[in-house]
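*Asks:* next input, structure requested:
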Amino acid sequence: MPTPTKGARLGGSPAHERLMLNNMAAQLFEHKQIKTTVTKAKRLRPVAERLITFAKRGDLAARRRVLQQITDKGIVHELFTAIAPVMAERPGGYTRITKIGPRKGDNAPMAIIELVLEPYSPKQATVKEAEQVTEAAAAEEAPVEEAPAVEPDVESGAQEDEAQAAADAEPVEEKFEEK
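*Replies:* Coordinates of the predicted model:
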């Protein structure tokens with residue numbers, strides 16, 4: 001269970017807060033995203049992710065555990081049959097919170113909490129895929145000949161003048177820093 005937070009509750013009592021978060025989780029599973037305050041979204045995230053973890057197990061005991069919190073059988077059925085298979089490969093992070101600005105009226109900070117339904121691609125597979133594309137691109141390109149390096153003209157002394165100008169500029173800066 002998520003660790004209880006210190007301070008004021010979202011509702012009047014712990015029971016009211018629990019009921020409110022369960023109802024918000026049900027609406028999240030039904031609509032795939034909801035608009036709420038940032039505080040409620042942050043408190044909802046662990047509740048919703050825990051329910052999705054139970055749904056990923058998919059057994060009868062997990063279904064009964066979820067039904068204790070979400071009493072609408074239609075939403076629980078959708079959670080187990082539609083949402084859980086999409087999240088099967090994802091190791092966590094099933095929700096995303098996006099801040100959208102203050103609410104008109106009381107200026108409360110608002111956010112959208114949504115389910116992350118994009119297919120999961122592990123980092124290693126992405127890195128290997130990128131390396132293969134880079135190797136294929138390198139193999140297609142012909143090796144480019146490098147231009148010969150331009151040697152400085154020692155006789156003109158242009159580089160010596162630049163070095164002397166840079167050396168002259170340094171002591172001036174140091175004098176100002178010392179004061």
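*Asks:* which stretches in this structure count as strands?
*Replies:* Per DSSP state E, the chain carries strands over the ranges 33-37, 95-102, 109-115.
*Asks:* would you turn these into JSON lines with distance to residue 58?
*Replies:* Where C-beta positions appear, they are placed from N, C-alpha and C, glycine not excepted. Output for the strands of the chain, formatted as JSON lines (distance: least, CB to CB, whole Å):
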{"stretch": "strand 33-37", "distance to residue 58": "24"}
{"stretch": "strand 95-102", "distance to residue 58": "19"}
{"stretch": "strand 109-115", "distance to residue 58": "17"}
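*Asks:* ranking the ones you listed by mean neighbour count, which comes first?
*Replies:* Most buried of these by mean neighbour count (mean count of other CB atoms under 10 Å) is strand 109-115; its value is a mean of 18.
*Asks:* run through who's touching it.
*Replies:* For strand 109-115, contacts defined as CB atoms under 8 Å, 6 or more residues apart in numbering pick out 28-29, 32-39, 41, 44-45, 48, 83, 94-103.
*Asks:* equivalent analysis for stretch 61-74, please.
*Replies:* 22, 25, 26, 29, 47, 51, 54, 55, 76, 79, 80.
*Asks:* try 10 Å this time
*Replies:* 18-19, 21-23, 25-27, 29-30, 47, 50-57, 59, 75-80, 84 (CB atoms under 10 Å, 6 or more residues apart in numbering).
*Asks:* go on, stretch 80-96?
*Replies:* Residues contacting stretch 80-96 (CB under 10 Å, 6+ apart): 25, 28-29, 32-33, 41, 44-59, 62-63, 66, 75, 78-79, 111-122.
*Asks:* now, the residues you listed that are in helices?
*Replies:* Judged by DSSP state H, the subset of the contacts of stretch 80-96 located in helices is 25, 28-29, 41, 44-57, 62-63, 66, 75, 78.
*Asks:* now, of those, which are buried?
*Replies:* Using 16 or more other CB atoms under 10 Å as the burial test, these include 25, 28-29, 41, 44-45, 47-52, 54-56, 62-63, 66, 75, 78 as buried.
*Asks:* shaky segments in the protein?
*Replies:* Low-confidence segments of the chain (pLDDT under 70): 1-2, 4-5, 124-126, 142-179.
*Asks:* swap the cut-off to 80 and go again
*Replies:* Applying pLDDT under 80 to the chain flags the ranges 1-8, 11, 121-130, 140-179.
*Asks:* if we can go back for a sec, looking at the strands of the chain, which is nearest to residue 138?
*Replies:* Closest approach to residue 138 among the strands of the chain (CB to CB): strand 95-102, 35.9 Å.
*Asks:* roughly how far is the closest one from the heart of the chain?
*Replies:* A distance of 12 Å separates the C-alpha centroid of strand 95-102 from that of its chain, computed with CA atoms, centre = their mean, to the nearest Å.
*Asks:* much appreciated, bye for now.
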